[in-house]
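Colleague: Whatever this is, show me its structure:
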Amino acid sequence: QVQLVESGGGLVQAGGSLRLSCAPSGRALSRITWGWFRQAPGKEREFVAAVTWSGGTSYYAESVKGRFTIPRDNTKNTVYLQMNSLKPEDTAVYYCAAQYGNNWSRAGEYDYWGQGTQVTVSS
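Modeller: Have a look, this model is predicted:
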């Protein structure tokens, strides 16, 4: 059973940066699309960013475009979410996910999920 393990969440002031990491435990995953989602209290889970298995194409929600990036390191089977210029509205639990398809914005299409990591941005 593959489980995705996230790390890197925490408390940061507005304007600061954080980098989240995600890697599978159990066995490596290959030729997958990675995604990051987030869920704020009282809100539905929303798409944040995704990157194709080759790393050549990335996708971002409008709310994070220009501030977040989603690099991946296939040699380490790891994906990151680099978050810069953080805002209080970025506060949420962030989830890493992986799928073998290309429906990168749809949470229901992902095959594997992490447990989530809290990101809190203070004003």
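Colleague: Correct me if wrong: Ala98 contacts Pro24.
Modeller: Yes - using CB atoms under 8 Å, Ala98 is in contact with Pro24, at 7.2 Å. (Each C-beta comes from the backbone N, C-alpha and C, glycine too.)
Colleague: what's the overlap in contacts for the two?
Modeller: Common contacts of Ala98 and Pro24 (CB atoms under 8 Å, 6 or more residues apart in numbering): 4, 112.
Colleague: between those two, which one's more packed in?
Modeller: Legend: neighbour count by other CB atoms under 10 Å for Ala98 and Pro24, higher for Ala98 (22 against 19).
Colleague: check contacts around the more buried one.
Modeller: 4, 24, 29, 32-35, 110-112.
Colleague: Following element in sequence after the helix or strand harbouring it, please.
Modeller: Here Ala98, judged by DSSP states H and E, is contained in strand 92-99. Downstream of strand 92-99, the first helix or strand assigned by DSSP H and E is strand 112-113.
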